[in-house]
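Colleague: no letters, just coordinates:
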């Protein structure tokens, strides 16, 4: 009878290899989790390629993401407003206290956490102008006007004290007469207005103290 080959004892060695593979897998998972966990930090210099946001190293944030400073925003045209990366604010929009970098218009001021435009700066409302003597006229901050000065349609805020907006020009308020008489080379009234070299005056002949030639 021929000798029969004994079967190999594979059970123990097979289990050993499986245990080794499982142990290696668990180790890789743990190392990956540790590597992926954000590192604590106190400044950007401690984060290598990332930045320090809320005391942890994180990638720069996209629009709507968290931030501590504007440098934490991925898009360099955005800014950090109230700890969130956002597009720079237009006049009347939000800004962090005294942070003019949060405003889109050059030379803006940040007052009461609101972006306000300088003279000649863009605007869409009178309240968007930084100077109290300015108003938003033709979508730009400009000095308020007196007699015959330009105003946005019926916007009395574009005229100085004592005047109101009659259409698109500043006229006397309450049909009052001029305090200092001036001579006008005009004698025709159109819709209640007298026209002369000084412009139109919202008065009637009986209340006009100026000389109308």
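Modeller: Sure thing, it's come through. As the structure is a prediction and not an experimental result, all values here were calculated from the model. Numbers count the residues shown, from 1 in each chain.
Colleague: helices of this structure, start to end?
Modeller: For the chain, the helices defined by DSSP state H cover 11-36.
Colleague: the bottom helix or strand of it by mean pLDDT?
Modeller: Sorting the helices and strands of the chain by mean pLDDT, DSSP states H and E puts strand 211-212 at the bottom, at a mean of 40.
Colleague: quick one: neighbours of residue 83, just the number.
Modeller: 14 (other Cβ atoms under 10 Å). For the C-beta atoms, the positions are set from N, CA and C on the backbone; glycine is no exception.
Colleague: start at 873 instead
Modeller: Got it, the first residue is 873 from now on, which makes the last one we talked about residue 955.
Colleague: can you pull the contacts of residue 1035?
Modeller: 1017, 1018, 1019, 1021, 1042, 1043, 1044, 1045 (Cβ atoms under 8 Å, 6 or more residues apart in numbering).
Colleague: local confidence estimate at the fourth one?
Modeller: In other words, residue 1021. If you check residue 1021, the pLDDT there is 94.
Colleague: how about residue 1027: what's its closest non-neighbour residue?
Modeller: Distances taken as Cβ to Cβ, 6 or more residues apart in numbering place residue 1037 nearest to residue 1027, at 5.2 Å, with adjacent residues excluded.
Colleague: which residues does the one you found contact?
Modeller: The contact partners of residue 1037, taken as Cβ under 8 Å, 6+ apart, are 1023, 1024, 1025, 1026, 1027, 1028, 1030, 1031, 1043.
Colleague: PyMOL command to pick out the buried ones of those?
Modeller: Per 16 or more other Cβ atoms under 10 Å, the buried members of the contacts of residue 1037 correspond to this PyMOL selection:
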select buried, resi 1023+1024+1027+1030+1031+1043
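Colleague: quick revisit: of the contacts of residue 1035, which is the nearest to residue 1008?
Modeller: residue 1017 (12.4 Å; Cβ to Cβ).
Colleague: so what's the closest residue to that closest one other than its chain neighbours bridging to?
Modeller: Take residue 1017 and drop its neighbours on the chain: the residue closest to it by Cβ to Cβ, 6+ apart is residue 1042, 4.7 Å away. When bridges are called by DSSP bridges, residue 1042 pairs up with residue 1037.
Colleague: residue 1042 against residue 1026, yeah?
Modeller: No - the criterion here is Cβ atoms under 8 Å, and residue 1042 misses it with residue 1026 at 11.2 Å.
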